[in-house]
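*Asks:* I'd like to go over a predicted model; first the sequence, then the structure.
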Amino acid sequence: MEFPRTRSLETAFQYVRTFSLIVVVGCMLLSGFVVWRAERSVSRMQDKVYVLAEGKALQALAEDRRENLAAEARDHIRNFHQAFFTLDPDEKVINANITRALYLADGSARRVYDGLKEGGYYSGIIAGNISVHLAIDSIVVEERNYPIYFRCYGTETLVRPTSRVTRNLVTEGWLRYVDRSDNNPHGFLIEKWTILENSDLKVEAR
C-alpha cells in the first residue's frame with residue numbers, strides 16, 4: 001500500500017514544481033515588461049520640454065538637432081547679421097548690438113568690426129544721425145559638410161536726414177558647433193566670416 005502513496009507524492013511534487021516554475025517565469029516576464037514600459041515612459045518624458053510663459057507652463061517637443069539643423073543654422077546667421085548691421089545713431093545701441101553679434105562669431109567678425117570702427121563708420125552713424133536696417137533676403141546653408149558653409153544675401157537701408165540709401169549685402173562663412181548658452185542659444189559659432197559685397201543699389205532723396 002506504500003507504493004501508490006509514493007507515486008501520488010511524486011506526482012503532487014511534480015505539479016507543485018511545474019506550478020512554481022510557471023509562477024517564476026511569469027514573474028520574470030512581468031518584471032521585464034514593467035521595466036521596459038518604465039524605460040519607455042522615461043524616454044518619452046525626456047522628449048518633453050516645458051516652457052514658462054507668463055506664469056504658465058507650456059509643453060514643447062524636443063527634436064533631434066539634425067532634424068532641425070538647417071532652420072537653426074539660418075536663424076543663427078540671421079540673428080548675427082541683423083545685430084551686426086542694424087544700427088541707430090546711439091552709442092549704447094551700437095555697442096549693445098555689436099556685443100550681441102560678437103557672441104555668435106569668432107575673431108573674423110571682431111576684425112571686421114575693428115576695421116569699420118577705425119575707419120570712422122560708427123562715429124559717422126552717430127554724427128550723421130543715420131539709422132541702418134538690414135533685411136535678410138535669403139540664406140544658403142550647405143549642411144552636408146562640416147564645418148557648415150553658408151552664404152547670406154541681404155539688403156541694407158541707410159536712412160539719413162536728407163536721403164535713403166539702399167545697399168546690396170552678400171557675406172559668407174562657416175559654422176561650427178559650440179555649447180548652447182544664453183548668449184548663443186543655437187550653439188553655433190560663425191568662423192571665417194567675410195563680406196563679399198556691400199555696394200549701393202540706389203539713393204533716394206527724402
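*Replies:* In hand now; what should we look at? Numbering: from 1, shown residues only.
*Asks:* for the strand or helix carrying Ala96, name the packing helices and strands.
*Replies:* Here Ala96, judged by DSSP states H and E, is contained in helix 91-102. Where contact means 3 or more Cβ pairs under 8 Å, 6 or more residues apart in numbering; DSSP states H and E, helix 91-102 is packed against helix 69-85, helix 107-118, helix 121-127. In short, each C-beta sits where N, CA and C put it, glycine included.
*Asks:* out of the ones you listed, which is closest to Arg144?
*Replies:* Closest to Arg144 of the helices and strands packed on helix 91-102 is helix 69-85 (Cβ to Cβ; 10.5 Å).
*Asks:* and the angle for that closest one with helix 107-118?
*Replies:* Angle of helix 69-85 versus helix 107-118, following axes from the mean of the first three to the mean of the last three Cα atoms, to 10 degrees, is 20 degrees.
*Asks:* got phi/psi on Arg17?
*Replies:* phi -60, psi -40 (degrees, to the nearest 10).
*Asks:* tell me the buried residues in the helix holding Ala96?
*Replies:* Ile94, Asn97, Ile98, Arg100, Ala101, Leu102 (16 or more other Cβ atoms under 10 Å).
*Asks:* cool, and stretch 101-110?
*Replies:* Neighbour count says stretch 101-110 has Ala101, Leu102, Leu104, Ala105, Asp106, Ala109 buried, by 16+ other Cβ under 10 Å.
*Asks:* can you redo those as JSON lines with pLDDT and distance to Glu172?
*Replies:* Below are those laid out as JSON lines (pLDDT from 0 to 100; distance: Cβ to Cβ, whole Å):
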{"residue": "Ala101", "pLDDT": "95", "distance to Glu172": "16"}
{"residue": "Leu102", "pLDDT": "95", "distance to Glu172": "18"}
{"residue": "Leu104", "pLDDT": "95", "distance to Glu172": "15"}
{"residue": "Ala105", "pLDDT": "95", "distance to Glu172": "13"}
{"residue": "Asp106", "pLDDT": "94", "distance to Glu172": "14"}
{"residue": "Ala109", "pLDDT": "95", "distance to Glu172": "13"}
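*Asks:* skip the chain neighbours and tell me the closest residue to the residue nearest the centre of the chain.
*Replies:* Nearest to the geometric centre of the chain sits His186, at 2.8 Å (Cα atoms, centre = their mean). Here the nearest residue to His186 in space, its sequence neighbours aside, is His76; by Cβ to Cβ, 6 or more residues apart in numbering that works out to 4.1 Å.
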